[in-house]
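Asks: got a predicted structure here, sequence first:
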Amino acid sequence: MLNMKPGLAIHWFRQDLRLSDNPALCWASQHEYVLPIYILDDENPGMFKMGEASRLWLHHALISLNISIENNLACYQGDALKILLSLINLLPVQSVA
């Protein structure tokens with residue numbers, strides 16, 4: 001019997017932007033395809049909304065991450081749940097990590 005990898009997994013980079021020693025990314029990479037995403041959710045953070053210094057750090061960290069994964073990082077801005085549900089309805093997503 002063939003060991004088939006399941007189809008598409010979305011890996012949602014949230015606070016952990018590491019490529020090495022990232023359990024969720026490791027799990028997602030067991031799928032045939034991985035769609036790496038980052039969502040900047042300014043609609044739901046409440047008192048945890050990012051300040052300007054954090055946004056500047058995030059900007060440079062996302063650029064570095066995107067370069068490291070050969071410009072395959074998809075970035076979105078808005079309500080994270082709505083964006084995830086939209087992607088799940090649009091693509092043949094097997095799982096989200």
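Replies: That came through, no problem.
Asks: surely Asn66 meets Leu73?
Replies: Yes: using C-beta atoms under 8 Å, Asn66 is in contact with Leu73, at 4.1 Å. C-beta coordinates here come from the backbone N, C-alpha and C atoms, glycine included.
Asks: more neighbours, the two?
Replies: Leu73 (19 against 16; other C-beta atoms under 10 Å).
Asks: distance-wise, check that one relative to Lys49.
Replies: Distance of Leu73 to Lys49, computed by C-beta to C-beta, to the nearest Å: 22 Å.
Asks: now do the strands in the protein.
Replies: 8-13, 33-40, 74-77, 93-96 (DSSP state E).
Asks: so which of the ones you listed is the most surrounded?
Replies: Highest mean neighbour count of the strands of the chain: strand 8-13, a mean of 21 (counted as mean count of other C-beta atoms under 10 Å).
Asks: where does the chain dip in pLDDT?
Replies: 1-5 (pLDDT under 70).
Asks: so where do the helices sit in the chain?
Replies: For the chain, helices defined by DSSP state H occupy the ranges 23-28, 52-68, 80-90.
Asks: distance to Val96 for the ones you listed - can I get that in a markdown table?
Replies: Formatted as a markdown table, the helices of the chain follow (distance: least, C-beta to C-beta, whole Å):
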| stretch | distance to Val96 |
| --- | --- |
| helix 23-28 | 8 |
| helix 52-68 | 18 |
| helix 80-90 | 7 |
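Asks: of all those, which one is nearest Leu40?
Replies: helix 52-68 (7.8 Å; C-beta to C-beta).
Asks: against which helices or strands is the closest one packed?
Replies: strand 33-40 (3 or more C-beta pairs under 8 Å, 6 or more residues apart in numbering; DSSP states H and E).
Asks: residues in contact with the strand it packs on?
Replies: Identification of contacts with strand 33-40 by C-beta atoms under 8 Å, 6 or more residues apart in numbering yields 7-14, 25, 28, 58, 62, 65, 69, 72-78, 80, 83-84, 87, 91, 93.
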